[in-house]
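Peer 1: with the input below, show me the fold.
(chains A and B, ligands or ions: 2)
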There are 2 protein chains.
Amino acid sequence: DLTQPVVRLASPAELAVAFTEAGVPLELRVGEDAASMPRLLAALGATLEHSVRTAHPLFLNQLYARPEPAGIAGDWLTVVANTNVHTYEAAPVFTLVERAVLARLAVLAGPSWAAAHDGLFVPGGSIANMYGMHLARAVVDPDSASRGAAGGPCLVAFTSAQAHYSYLKSARVCGLGSDNLVAVPCDASGAMLPAELEVAVEAALARGGVPFFVGATAGSTVLGAFDPLVELAKVCRRHNMWLHCDGAWGGACLLSAMHRGLMDGVELVDSLALNPHKMMGLPLQCSVFLARREGLLQSTNSSNADYLFQPDKLHADMDLGDKTIQCGRRADAYKLWLTWKALGDAGLEQRMDRNIALAAHVEARVVASGGAFQMVRPRSFANVCFWWLPRALRPFDAAAASPEQLTALGKVAPALKMRMQQSGDAMIGFQPLDGLPNFFRLVFASASALRFEDLDALMSRMDALGLELFP
Amino acid sequence: DLTQPVVRLASPAELAVAFTEAGVPLELRVGEDAASMPRLLAALGATLEHSVRTAHPLFLNQLYARPEPAGIAGDWLTVVANTNVHTYEAAPVFTLVERAVLARLAVLAGPSWAAAHDGLFVPGGSIANMYGMHLARAVVDPDSASRGAAGGPCLVAFTSAQAHYSYLKSARVCGLGSDNLVAVPCDASGAMLPAELEVAVEAALARGGVPFFVGATAGSTVLGAFDPLVELAKVCRRHNMWLHCDGAWGGACLLSAMHRGLMDGVELVDSLALNPHKMMGLPLQCSVFLARREGLLQSTNSSNADYLFQPDKLHADMDLGDKTIQCGRRADAYKLWLTWKALGDAGLEQRMDRNIALAAHVEARVVASGGAFQMVRPRSFANVCFWWLPRALRPFDAAAASPEQLTALGKVAPALKMRMQQSGDAMIGFQPLDGLPNFFRLVFASASALRFEDLDALMSRMDALGLELFP
Ligand SMILES: Cc1ncc(COP(=O)(O)O)c(C=O)c1O
Ligand SMILES: Cc1ncc(COP(=O)(O)O)c(C=O)c1O
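Peer 2: Ligands and ions are numbered 1, 2, ... in the order given. Just a heads-up that it's a prediction; the model follows:
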């Protein structure tokens, strides 16, 4: 509904006042009384009123957006059923559903995956990437599970300079260390350069490191770039490294006959992260880790806890919990299963293709804008990265720009965004990158409700607001 | 509702048939069509029909059970709002609510916590324990964040022999290694023996290890034992170790004037895991990690990602996301906030006390049963661990029992449980422990709907069924 604002901007102090006025202060006091039902309803109302409407067609700020109704229904049911997918005993349906969805995703990834796979729904793409790193280490240095990393080889991991920060966080958590996570240079689109990977691996070897893990990206966070999996797989094979692919953002392309070529080589990777809560339109959280080697999750993570995974209970062989690094685990597979049933393959494909078509439309408008807008990098996926340029900076050439010009341009996107947030018009993210000043990143994660005309109107408003702010 | 079965037991094959008959096969086929609304509703119906009724009063199988209505409402709202608590920009209300709930929990933990705390809602108690280990390492070996564990000191962690397996999984994920996770012996109740901790620490030092982390347990999974935090804190101070307390199960005792003494010394611990989805009755997942040192989560986990935590956006100082090892994160705090508002302090305390009262009642019945039931260990908390004994084994003395008797008794609980599952009567977990054969662990996680008479009736039925199976 475009007549609603995307957001009713309020500061923390303003929100505190609003909730107090609703009779339900944000604070929880000692000796807090039980609130009456009308007050609780007022609290729910205030929450919705002041939350960002991520389902609004013009919420284009993050890699998640409007959830599918079937996804909401599925999630609601799992909340009510309130069980853990650790044992078949506690979650018979959800266990089978999780297995069914993982199997379907494996088929989607291709024949080599369909032939053998292992997998889990995990709480987020970041943690899926951590699983990849953790499994890779278990394979290359099996003793590390008992001995630990101290006293073992100095393992070295590689990702592109454009990779998501979860690789960095995982490297710290896993005890790998950020020094042993090498950022490999990218081409202009933001895709990892295989030749640079080879150079980085040689350098690590020369330092006495043991290269073991390449964390590729299919759909990078900012630019939407796809690393060349076929080429990376060759380097990995040569050096006996595990190839993980972070498809948290771009993995949805597998649903589309038109776009799945972006992930050519996915058959060759050892593990894969997918985030159906991004471009498949599921409510948060819905994230998948898949590995190509059966039994590896179990052998890496099993603790055989007597109290939970008793072999002498019914259908113990179906239990998924011993494969995880968690204990309790939400039935996040269910909402994806229900959504898949609701939309069918064709419906999911259309959603996916629509996001890309919208991105292509914006790119075309930017290019045709006669200088008011300018692409930062060519578009690879559903991310459109562009500047709106004040008149004085048109045409803009980043390489030739003076420091003053760069600083001036860096202030444009935050100011324009703040203005759009204040009017509740639209939400679009911005960020700097590689020394380039702040630019807009318009992303289509779940934009079925958006029409081309809406985007045209949005860009016209941005242009008008920009000229108002920077006359 | 006691007239409904807790579970309608079905094998995987039977469930496959049931879903196919409902017109919505479990499997997702290639070329799957969009299902009609009636079929989707049939799928939802079949799911509820065949899922375990964890809200049933006699679901006493796991450390979670009947969720509070306000918790369900809160969770449903977060599904619809569908946003990530990474930035204030994307989640203004949820960010403030998370801060408010963490602050209240800190007050609950005591003055030292109220004075300074840092915290996050995290996906599960297991991951909360991992945060504890991860932060401890960052403090004791700050270089490890960049250097990694390889080439660093051989860090050694300690937990009780009764601790939850998440410590083991965390030790593997963090690259500590299971060899460097020492299981410290416990007393008969299952509580860690401080003198044994001291011995274990000395032994680790003698081996050249660097003791750095004690993972205490407040409410152990099987026995419900509480480690003596005051004594453990002394050992930790002496050896400069981080004291983490896994209060995933027992932490709810802090809500109760009557029972919070179980966690005496909580003021001295460095970090704390709480699991409101267990005894506070929240729907899964709702888990908390708290640390006593402000800023430590940020300094340990920050990646300063430009694209998300832009300092030049509005209210960037409120963002929680950079503290986490995740990126996207559900607004799990919200349902706890709403439930706290709905029940008030007194309501939460009553829930808690009721669970313990029910456990005490069952223990009394076991003791008074004249030999049909027998306690395995004295009760510490809301876990009642007991055997039902076939006539031939009464009275039972584990120390004097023959191997045949132990084997015979080990078969009783699984058989009796299976029978109760088949009748849908009740679900109660069982497991072996320390060489003791399978026994029942009856746990009260969220048993407000249960009356003493219901438990009496349950025990009579168990006795009758037992005599039927083992005449
Ligand atoms: C004592 C204890 N700690 C930690 C956990 C793990 O909590 P979660 O299942 O939320 O990961 C459990 C789970 O039962 C537990 O009993
Ligand atoms: C490329 C990429 N990988 C991983 C992630 C992390 O996913 P999550 O937020 O589910 O942890 C993101 C999040 O935006 C991402 O863009």
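Peer 1: could you check how far A:Asp51 is from B:Leu96?
Peer 2: Careful, residue A:51 is Ser; it's not Asp. Separation of A:Ser51 from B:Leu96 (Cβ to Cβ, to the nearest Å) stands at 11 Å. For glycine as for every other residue, the C-beta is placed from the backbone atoms N, C-alpha and C.
Peer 1: quick one, longest helix in chain A?
Peer 2: In chain A, taking DSSP state H as the definition, the longest helix is helix A:332-367.
Peer 1: tell me which residues are up against the following helix or strand past that one.
Peer 2: Per DSSP states H and E, the first helix or strand lying C-terminal to helix A:332-367 is strand A:373-375. Residues from elsewhere that reach strand A:373-375, judged by Cβ atoms under 8 Å, 6 or more residues apart in numbering or on different chains: A:363, A:365-367, A:384-389, A:395-396, A:459, A:463.
Peer 1: what do you get for stretch A:179-193?
Peer 2: With Cβ under 8 Å, 6+ apart as the test, stretch A:179-193 has contacts from A:154-163, A:167-168, A:171, A:196-197, A:200, A:203-204, A:209, A:216-217, A:220, A:222-228, A:232, A:377-378, A:380, B:146-148, B:150.
Peer 1: that older thread, top of the contacts of strand A:373-375 by number of neighbours, please.
Peer 2: Comparing those by number of neighbours (other Cβ atoms under 10 Å in any protein chain shown), A:Val384 comes first, having 30 neighbours.
Peer 1: A:Ala364 is in contact with that residue, correct?
Peer 2: No. With contact taken as Cβ atoms under 8 Å, A:Val384 and A:Ala364 are classed as non-touching, separated by 9.9 Å.
Peer 1: distance of A:Ala161 from chain B?
Peer 2: Separation of A:Ala161 from chain B (Cβ to the nearest Cβ, to the nearest Å) stands at 12 Å.
Peer 1: distance check, that residue against ligand 2.
Peer 2: Going from A:Ala161 to ligand 2 by Cβ to the nearest ligand atom, to the nearest Å gives 13 Å.
Peer 1: setting aside sequence neighbours, what's the nearest residue to that residue?
Peer 2: Nearest non-adjacent residue to A:Ala161, counting by Cβ to Cβ, 6 or more residues apart in numbering or on different chains: A:Ala183, 4.3 Å away.
Peer 1: kindly report the same for A:Arg104.
Peer 2: Using Cβ to Cβ, 6+ apart and skipping residues adjacent in sequence, the residue nearest A:Arg104 is B:Leu28, 3.8 Å away.
Peer 1: count of neighbours near that neighbour?
Peer 2: 21.
Peer 1: now do the contacts for A:Phe158.
Peer 2: A:181-182, A:184, A:197, A:200-201, A:204, A:211, A:213-215, A:241.
Peer 1: in which helix or strand does it reside?
Peer 2: strand A:155-160.
Peer 1: sec struct for the closest residue to ligand 1 within the stretch 151-300 of chain A, please.
Peer 2: Proximity of the stretch 151-300 of chain A to ligand 1 (Cβ to the nearest ligand atom) peaks at A:Gln285, 14.5 Å away. With DSSP: H, G, I helix; E, B strand; the rest coil as the basis, A:Gln285 sits in coil.
Peer 1: wait, isn't it in contact with B:Gly328?
Peer 2: Yes. Contact criterion Cβ under 8 Å: A:Gln285 and B:Gly328 qualify, at 6.3 Å.
Peer 1: overlap of the contact sets of those two?
Peer 2: In contact with both A:Gln285 and B:Gly328: A:124, A:277, using Cβ under 8 Å, 6+ apart.
Peer 1: residue boundaries of the strands in the stretch 201-350 of chain A?
Peer 2: A:210-217, A:242-247, A:271-274, A:287-291 (DSSP state E, counting those that start in this stretch).
Peer 1: in its sheet, what does the third one sit against?
Peer 2: Spelled out, that is strand A:271-274. Paired neighbours of strand A:271-274 in the sheet (DSSP bridges): strand A:242-247 (parallel), strand A:287-291 (antiparallel).
Peer 1: so what does A:Phe59 look like in phi/psi?
Peer 2: phi -80, psi 100 (degrees, to the nearest 10).
Peer 1: could you report the neighbour count for it?
Peer 2: Neighbour tally, A:Phe59, other Cβ under 10 Å: 26.
Peer 1: on that earlier part again, part of a helix, is the residue nearest to A:Ala161?
Peer 2: No. Secondary structure of A:Ala183 (three-state DSSP): strand, not part of a helix.
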